[in-house]
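J.: got a predicted structure plus its sequence, pasted below:
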Amino acid sequence: MIWRHADRLTTLTKANRTLTSNDTTAASTPETDAAPAPTFRDLGVMPLICDALDRAGITHPFAIQEMTLSVALMGTDLIGQARTGTGKTLAFGIPVIQRSVAPSDPDYAEIPQGKPQALIVAPTRELAIQVSSDLEIASRDRGLRVLTIYGGVGYEPQIEALERGVDIVIGTPGRLIDLANRRVLDLSHVHALVLDEADEMLDLGFLPDVEKLLRMTPETRQTMLFSATMPSAIVSLARIHMRHPMNIRAESSYENATVPATAQFIYLAHDLDKPEILGRLLQAEDADKMIVFTRTKRQAQRVADDLVERGFKASPLHGDMAQVAREKALTRFREDKIKVLVATDVAARGIDVSGVSHVVNYTCPEDDKTYVHRIGRTGRAGASGIAITLVDATDVHRWKMINKALDLPFDEPLETYSTSEHLFHDQGIAPGTKGRIVPPAPVAPKGERSGERSGERSERSGERRSSERNRTRTRTRTRGGKPVEGEAAAPAASTEPGASGEGTPAEGGERPANRNRRRRRRSSGGGSGSAGAETTSA
């Protein structure tokens, strides 16, 4: 369906060019040869942007880009719908860059210096960083200043950059509103506003913040909204804040939005066997980079730690990690320094990394949207990929609902163990492969040394208690209150100079009585005497 739309647009464009040249014969005669793929230059993108894209190896647009650019470059409001991984970023990024005034343009002196000209709102930090990276590549020759704003990091660098002046701001809703309330971010001169992954912002509860940002921008702005689905709340938002938007859809429906080039495997697996299955999947013949999705942050951390212990280069990615740690993990993943990224759904939104060969759903996704989002991390930009879902026995009903919603042929997941032959055959795993590449760490046995240390501790403890029990005690009175014979006249410990120091026996060899010992007398009835406790001395 994507290429059918693209072919239709290409045919119309070619027909228009033919009619302009007054060649009516060529216009009326159907062409038998396949139309050549258009380039960004053919779609009216300025040479400076095309040159920057050419250096990055980007020459031909994808379907959503081809269908969107001719409309967006005119400043028209639009709603774009396309599955994940089909190039939506440049579909709105190129018009934003081309319609912004660069410092090299003669009209640059007429705009408010340093005020943002365009605002792009993304639901997550990772997506904002990815969009910023793509826009910096495309705008390199134009000299536009691009700033990424998100939470989890300090305010000072972002405030200083805004004070120096920026042209395009990309950020998450919370931090954007925070800086706007501090009167550091001025959105009153924005001519283009983009809402990327609008349905995800709705799911994460950011829609009220998005409406606040929309009210801070001029009504005459160009608004572009990109979303995989169009829930009623997003439709209402578009009706209120957009002016006669054009709806561009690069696919028939989101329900069939799984990437055709992605091979899908569904296995019914036991939770305790999943680490071993995952370890063997990492050693498949075509395994390169792999993203493993878990349901919770704690599970992501646990799975990543287990993979490291098994000898694999893995890292977690979840919301409990500091932003610096999350960015470092993504950078190492992009640079092939780690091969496995174990992530939660929220943390993984917006991850656009080339070369991801496998996506593994360690836990069954919550719904069909989450499933499509997860497996969309592979098979991106026309490449092929493999998506593997490990379904617990308790999640079979949930999977059947996903299977039905997406019209997939996996209604009954195949029961699979780490030793199953079909697992090795399906994934190209060499026979005899184990789920680890390093031997497990040796467990220290209960040897003689540990036993000796334990015995020594027990013996020293017993001696200490025995010594405390056998310590000499000095009593000056009986329980009836009478002086003990031979003790009443005992001399007090000398306090004169030259006497024994504190804690040592007196000169006559007698241990001094404890001057602060307190005694409690009890009456014959067992109660305390009227005197209470009295202090005695030698």
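T.: Received, thanks.
J.: out of everything not next to it in sequence, what's closest to residue 271?
T.: residue 392 (5.7 Å; CB to CB, 6 or more residues apart in numbering). Yep, even glycine has a C-beta here, placed from its N, CA and C like the rest.
J.: wait, that neighbour sits on residue 267?
T.: No. Look at residue 392 against residue 267 with CB atoms under 8 Å: they stay out of range, at 10.6 Å.
J.: okay, the two: which has more neighbours?
T.: residue 267 (21 against 16; other CB atoms under 10 Å).
J.: element containing that one?
T.: strand 262-268 (DSSP states H and E).
J.: contacting residues around that strand?
T.: 258, 277, 375, 378-379, 384-391, 393, 396, 399, 403, 408, 410, 413-416, 423, 426-427 (CB atoms under 8 Å, 6 or more residues apart in numbering).
J.: rerun that using 7 Å as the cut-off
T.: 375, 378-379, 384-391, 393, 399, 410, 413-416, 426 (CB atoms under 7 Å, 6 or more residues apart in numbering).
J.: for it, what is the average pLDDT?
T.: When pLDDT is averaged along strand 262-268, the result is 92.
J.: and what of stretch 326-341?
T.: 91.
J.: I'd say residue 274 and residue 362 touch.
T.: Yes. Counting by CB atoms under 7 Å, residue 362 is a contact partner of residue 274 at 6.3 Å.
J.: overlap in contacts of the two?
T.: Shared contacts of residue 274 and residue 362, counting by CB under 7 Å, 6+ apart, come down to residue 390.
J.: how much space between the nearest residue to residue 46 once chain neighbours are set aside and residue 121?
T.: Leaving aside its chain neighbours, residue 46 sits nearest to residue 98 (5.5 Å; criterion: CB to CB, 6+ apart). With the distance defined as CB to CB, to the nearest Å, residue 98 ends up 20 Å from residue 121.
J.: could you check which of these two is surrounded by more residues?
T.: residue 121 (24 against 19).
J.: let me know the pLDDT of that one.
T.: 96.
J.: could you find the closest non-adjacent residue to it?
T.: residue 195 (5.4 Å).
J.: kindly report the same for residue 72.
T.: In space, residue 72 is closest to residue 95, 3.7 Å off (CB to CB, 6+ apart).
J.: pretty sure that neighbour sits against residue 73.
T.: Yes. Counting by CB under 7 Å, residue 95 touches residue 73, with 5.2 Å between them.
J.: comparing these two, which residue is more hemmed in?
T.: When neighbours are counted by other CB under 10 Å, residue 95 and residue 73 differ, and residue 95 comes out ahead with 26 against 16.
J.: state the distance from that one to residue 235.
T.: From residue 95 over to residue 235 the distance is 23 Å, taken as CB to CB.
J.: show me the domain layout of this structure.
T.: Residue ranges for the domains of the chain, per automatic domain parsing: 37-251, 258-427.
J.: how about the helices in the stretch 1-150 of the chain?
T.: Listed in chain order, the helices of the stretch 1-150 of the chain (DSSP state H, counting those that start in this stretch) span 2-20, 24-28, 47-55, 63-72, 88-98, 125-138.
J.: can I get the domains of the chain in TSV with distance to residue 434?
T.: Formatted as TSV, these follow (distance: least, CB to CB, whole Å):
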stretch	distance to residue 434
domain 37-251	33
domain 258-427	7
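J.: that older thread, my read: the residue nearest to residue 46 touches residue 49, true?
T.: Yes. Using CB under 7 Å, residue 98 makes contact with residue 49 at a distance of 6.2 Å.
J.: what is in contact with the two at once?
T.: Joint contacts of residue 98 and residue 49 (CB under 7 Å, 6+ apart) do not exist.
J.: re the thing from before, so how far is residue 173 from the residue nearest to residue 121?
T.: The gap separating residue 195 from residue 173 is 10 Å, by CB to CB.
J.: overlap of the contact sets of the two?
T.: Common contact partners of residue 195 and residue 173 (CB under 7 Å, 6+ apart): 121, 210.
J.: of the two, who's got more company?
T.: residue 195 (30 against 24).
J.: could you give the bridge partners of the more buried one?
T.: Bridge pairing for residue 195 (DSSP bridges) gives the partners residue 121, residue 225.
J.: helices or strands next to the host helix or strand of residue 325 in the packing?
T.: If you go by DSSP H and E, residue 325 is part of helix 323-334. Packing partners of helix 323-334 (3 or more CB pairs under 7 Å, 6 or more residues apart in numbering; DSSP states H and E): strand 314-317.
J.: roughly how far out does the strand it packs on sit from the chain middle?
T.: 9 Å (CA atoms, centre = their mean, to the nearest Å).
J.: pairing partners for that strand, with directions?
T.: Checking strand 314-317 against DSSP bridges gives partners strand 340-343 (parallel).
J.: and the contacts of the partner strand?
T.: So strand 340-343 is contacted by 282, 290-294, 300, 303-304, 307, 312-318, 329, 333 (CB under 7 Å, 6+ apart).
J.: and if you look at stretch 272-283?
T.: So stretch 272-283 is contacted by 269, 287, 290, 292, 306, 310, 312, 340, 358, 360, 362, 388, 390, 417-418, 423, 427, 429, 433, 435-436 (CB under 7 Å, 6+ apart).
J.: quick one: mark the members of the contacts of strand 262-268 that sit in strands.
T.: Counting by DSSP state E, these place 385-391, 414-415 in strands.
J.: show me which pair in these is furthest apart.
T.: Pairwise distances among the ones in strands among the contacts of strand 262-268 were taken by CB to CB; the largest, 24.5 Å, belongs to 385 and 415.
J.: between these two, who's got more neighbours?
T.: residue 385 (22 against 13).
J.: for the more buried one, which non-adjacent residue is closest in space?
T.: residue 378 (2.9 Å).
J.: confidence score at the one you found?
T.: 82.
J.: next up, the contacts around residue 80.
T.: Counted by CB under 7 Å, 6+ apart, residue 80 has contacts 64, 68, 88, 91, 224, 226, 248.
J.: what do you get if the cut-off is 8 Å, keeping everything else the same?
T.: 64, 68, 88, 91-92, 224-227, 248-250.
J.: for residue 155, same thing?
T.: Applying CB under 8 Å, 6+ apart, the residues near residue 155 are residue 179.
J.: from residue 368, how far out is it?
T.: Distance from residue 155 to residue 368, by CB to CB: 39 Å.
J.: one more: residue 345?
T.: Taken as CB to CB, the span from residue 345 to residue 368 is 13 Å.
J.: neighbour count winner among those two?
T.: Taking neighbours as other CB under 10 Å, residue 345 and residue 368 compare with residue 368 leading, 20 against 17.
J.: is it correct that that one is in contact with residue 406?
T.: Yes. If you go by CB under 8 Å, residue 368 and residue 406 touch, sitting 5.2 Å apart.
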